[in-house]
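In: Sequence first, then the predicted structure:
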Amino acid sequence: EWTNAGALAVVKADLGASAPKVDPVTEASVFWAGTPPPPHGSNQRWGAADPRCAYRAADKTYYLTWDNCTRNCYPHRSTLLSTSQDPFNHDSWTLHGPLLPGVYTGGASLLMRDTPPHYAFVGNSNTANAILLASSQDGVTWTQLNQSFMSNRQGCWDEKGVAAGPQPERLSNGDYLY
């Protein structure tokens, strides 16, 4: 159960300096990716979980997948999609809604390619027995494919479940590391 996971924070960092320089997290750097924040009350069942961000240079857009437990964590958790061309401007984020509407998902990593199709590796939050595979032509509308990317295996390290990991990275030889 993801409870009290907190909001998302975007902070600037210079990791190329001799000593990394990172802006502090302040109230101004916390945001909800295109949706109003939940009220701070006695209910502790709110927060954003599993944020992952991918950048696509072709359209200069940041694609953020995240789970908003304020709206739908249990029993109907769903991974949401937000986009922005200026991630440091909180008002620039557009919430597009569930990545795969009607599917009980928990986290997604995106492979945004130079040209479509783009791919999403989506955790099956219902049983954690598979990483679902989806494709998109525009990066906003996704279709679940009829095959899983990976399933858990009996008697192996992943027997209890699998989940979406970090974004796939393209290697210098053109292959992808996931």
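Out: Right, received. Where do you want to start? Just so you know, these numbers come straight off a predicted model, no measurement behind them.
In: Tell me who's in contact with Tyr178.
Out: By CB atoms under 8 Å, 6 or more residues apart in numbering, the contact set of Tyr178 is 109, 111, 121, 165, 168-169. No exception for glycine: its C-beta is placed from N, CA and C like everyone else's.
In: Show me which of the residues you listed is closest to Gln137.
Out: Leu111 (13.6 Å; CB to CB).
In: What residues are bridge-paired with the closest one?
Out: Taking DSSP bridges as the rule, Leu111 bridges to Tyr119.
In: right, and it touches Pro168 too?
Out: Yes: under the criterion of CB atoms under 8 Å, Leu111 makes contact with Pro168 at 4.5 Å.
In: joint contacts of the two?
Out: In contact with both Leu111 and Pro168: 121, 176, 178, using CB under 8 Å, 6+ apart.
In: Just to be sure, which of these are found in strands?
Out: In strands, judged by DSSP state E, the following of the shared contacts of Leu111 and Pro168 are found: 121, 176.
In: Pipe the shared contacts of Leu111 and Pro168 into CSV and attach distance to Thr65 and pLDDT per row.
Out: Putting the shared contacts of Leu111 and Pro168 into CSV (distance: CB to CB, whole Å; pLDDT from 0 to 100) gives the following:
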residue, distance to Thr65, pLDDT
Phe121, 10, 93
Tyr176, 17, 89
Tyr178, 15, 86
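In: Return the member of the shared contacts of Leu111 and Pro168 nearest to Asn89.
Out: Of those, the one sitting nearest to Asn89 (CB to CB) turns out to be Phe121, at 28.2 Å.
In: show me the contacts for the closest one.
Out: Phe121 sits in contact with 108-111, 131-133, 149, 164-165, 168, 178, where contact means CB under 8 Å, 6+ apart.
In: swap the cut-off to 6 Å and go again
Out: 109, 131, 149, 164 (CB atoms under 6 Å, 6 or more residues apart in numbering).
In: what about the residue positioned nearest the centre of the chain, helix or strand, and which?
Out: Central residue of the chain (CA atoms, centre = their mean): Thr65, 2.4 Å from the mean position. Using DSSP states H and E, Thr65 sits in strand 61-68.
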